[in-house]
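Q: sequence and predicted structure are below.
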Amino acid sequence: MASAADEQVVHLPAGATPQPCAALRPLWSAFCDAFAGTLHAGGAAAQPRSPPPPPPSRLPAVPRLLAFGDLHGDYDKTVAALRLSGLVDERLRWAAPAGTWAVQVGDILDRGGSEVRIFFLLERLEREAAAAGGRFVLLNGNHESMNMDSAARSGRFRYATAAGLAEFDSWRRNQRLCARLKGLCGEPAGACSPGDAAAAPPGTAESCVARAAALCAGCPLARRFLAERPHAVQVGSSVFVHGGLLEEHAAQGLEAVNAQGREWLTSPPGTPLPELLGSRRAVVWARHYSLPEEAACDCGELARALALTPGAERVVVGHTIQGERGINAACGGAAVRVDVGMSAGCGGHPPAALEIIDDGHGGVYRLTADAEGRTKRETVVPPSAPSAPATPTRAAG
């Protein structure tokens, strides 16, 4: 039987914190953030943090450089591409040595049902790469800017699938759960914010509200995953963009291109897309070098753009599905096209990765998996000189 002392009710002063919360408070918010990340990622996730400084627009050459094309919400194909390239181990942890870097050229969003899960996976790998002395550079593509624009201006997401919309609904429910858990100890939602449904444009369908509340400028997922990502990066002699680096982009310089892109990404919701991101000659929309028929590629434009970009010898682009051809080159090897349409929403072609050895001196290769699941290596651009290890130098830009 309980004693009188056991039955006493302790009345806390107004505003006081319950004793368990007082003990938990130093860890509670971080625990809730980790719990939310695990739910979103379906496994290990990186802790949220203040956005790091934008990566340099120009980085030094490395002995081995990998690149991945458009992922479009297909988690299984994303994992398959990462594994066949040797970037990750069986537990999906970064496993590449310090001399191996990677670039993903954008278009994680749309056409598939695991967009949020891929965001969390690549964020974690980006952190693990840095801790291991490597780099994983993640670019924005046209579908990222289209979604941010639609989230603020129309509420219509033309290329989002039913599964993709359902994943954003799940993300919002999990965010609300974790925000309530934080609230039990008087903690603000912080990284568990589900976004503001009122931010969705008038007329937004109910199925699209969670997506709009997550992806408008300043909203939780846009702020965490897109706002600080570049639209172009040069690693050694290779320039990576989603669509194409045209003469007018090169004349401005990669730093200016990224600064303009970042200015829009961090502008108030509803700010019109700048020409850099919204026109057919935009860095994320241009198809001048990616049309599958090589004769249709504007190799003269490419030559002029490369001549205006110090040290550049090739451009690597996604955006245009190459289909059965897989990763291939045009314009005498100066344009390398890496969008193979691996997502189930884009044809479901076999996953692939691009490999550049010793800044191209050791050759450029297409990595795929054979029938037994072993990595197959095929030449895209032959070695240009006897292979000599690239010597890393200080990053510029």
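A: In hand now; what should we look at?
Q: burial count for Ala160?
A: 24 (other C-beta atoms under 10 Å). (Each C-beta comes from the backbone N, C-alpha and C, glycine too.)
Q: does it really touch Asp110, like I thought?
A: Yes - contact criterion C-beta atoms under 8 Å: Ala160 and Asp110 qualify, at 5.9 Å.
Q: common neighbours of these two, please.
A: Contact criterion C-beta atoms under 8 Å, 6 or more residues apart in numbering; residues shared by Ala160 and Asp110: Asn147.
Q: separation between the residue nearest the centre of the chain and Arg287?
A: In the chain, the centroid-proximal residue (C-alpha atoms, centre = their mean) is Leu138; its distance is 4.5 Å. Note on Leu138: its distance to Arg287, by C-beta to C-beta, to the nearest Å, is 22 Å.
Q: what's the answer for Ala98, then?
A: In this view, Ala98 and Arg287 are 35 Å apart by C-beta to C-beta.
Q: check which helix or strand covers Arg377.
A: With elements taken from DSSP states H and E, the one containing Arg377 is strand 375-381.
Q: report the strands that pair with that strand, each with its relative direction.
A: Strand 375-381 sits in its sheet next to strand 364-369 (antiparallel), going by DSSP bridges.
Q: is Trp28 part of a helix or strand, or is it coil?
A: helix (DSSP: H, G, I helix; E, B strand; the rest coil).
Q: who touches it in this structure?
A: The neighbours of Trp28, taking C-beta under 8 Å, 6+ apart as the test, are Cys21, Lys182, Cys185, Glu187.
Q: so which of those residues is the most crowded?
A: Neighbour max across those (other C-beta under 10 Å) = Lys182, 22 neighbours.
Q: now find how far off-centre stretch 219-239 is within its chain.
A: Centroid displacement of stretch 219-239 relative to its chain, using C-alpha atoms, centre = their mean, to the nearest Å, is 7 Å.
Q: picking up where we left off before, now, which of the contacts of Trp28 lie within strands?
A: Using DSSP state E, no member of the contacts of Trp28 falls within strands.
Q: okay, who's weakest in the residues you listed by pLDDT?
A: On pLDDT alone, Cys21 ranks lowest of the contacts of Trp28, at 87.
Q: against Gly37, how distant is that one?
A: Taking C-beta to C-beta, one finds Cys21 at 22 Å from Gly37.
Q: re the thing from before, more neighbours: Ala98 and Arg287, which one.
A: Remark: of Ala98 and Arg287, Arg287 carries more neighbours, 17 against 13, as counted by other C-beta under 10 Å.
Q: number of residues surrounding the residue lying closest to that one once chain neighbours are set aside?
A: Nearest non-adjacent residue to Arg287, counting by C-beta to C-beta, 6 or more residues apart in numbering: Thr320, 5.2 Å away. By other C-beta under 10 Å, 20 other residues sit near Thr320.
Q: what's the closest non-adjacent residue to Asp149?
A: Of all residues not flanking Asp149 in the chain, Leu273 sits nearest, at 5.5 Å (C-beta to C-beta, 6+ apart).
Q: partner strands of the strand or helix carrying Ala329, parallel or antiparallel?
A: Secondary structure from DSSP H and E places Ala329 in strand 328-330. Strand pairing for strand 328-330, using DSSP bridges, gives strand 335-337 (antiparallel).
Q: that older thread, Three-state assignment for the residue nearest to Arg287, please.
A: Using three-state DSSP, the secondary structure recorded for Thr320 is coil.
Q: residue numbering should commence at 44 henceforth.
A: New numbering, starting at 44: the last item is Thr363.
Q: what's the separation between it and Ala145?
A: 21 Å.
Q: before we move on, what about Ala339?
A: In terms of C-beta to C-beta, Ala339 sits 29 Å off from Ala145.
Q: which of the two has more neighbours?
A: Ala145 (28 against 12).
Q: just confirm the residue nearest to Asp192 is within a strand.
A: No - Leu316 is assigned coil when assessed by three-state DSSP, not a strand.
Q: ok, it - contacts?
A: Leu316 neighbours (C-beta under 8 Å, 6+ apart): Ser188, Asp192, Trp307.
Q: swap the cut-off to 10 Å and go again
A: Applying C-beta atoms under 10 Å, 6 or more residues apart in numbering to Leu316 gives the contacts Asn185, Ser188, Met189, Met191, Asp192, Arg196, Trp307, Ser322, Ala325, Val327.
Q: next one: Glu249
A: When contacts are counted by C-beta under 10 Å, 6+ apart, Glu249 touches Leu208, Asp212, Ala240, Ala243.
Q: before we move on, the earlier item: tell me which residues of the strand holding Ala372 are tucked away?
A: Asn371, Ala372, Ala373 (16 or more other C-beta atoms under 10 Å).
Q: in TSV: those residues, plus distance to Asp117.
A: Below are the buried residues of strand 371-373 laid out as TSV (distance: C-beta to C-beta, whole Å):
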residue	distance to Asp117
Asn371	21
Ala372	24
Ala373	25
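Q: what's the closest of these to Gln218?
A: Asn371 (41.4 Å; C-beta to C-beta).
Q: the closest one touches Val423, doesn't it?
A: Yes - contact criterion C-beta atoms under 10 Å: Asn371 and Val423 qualify, at 6.3 Å.
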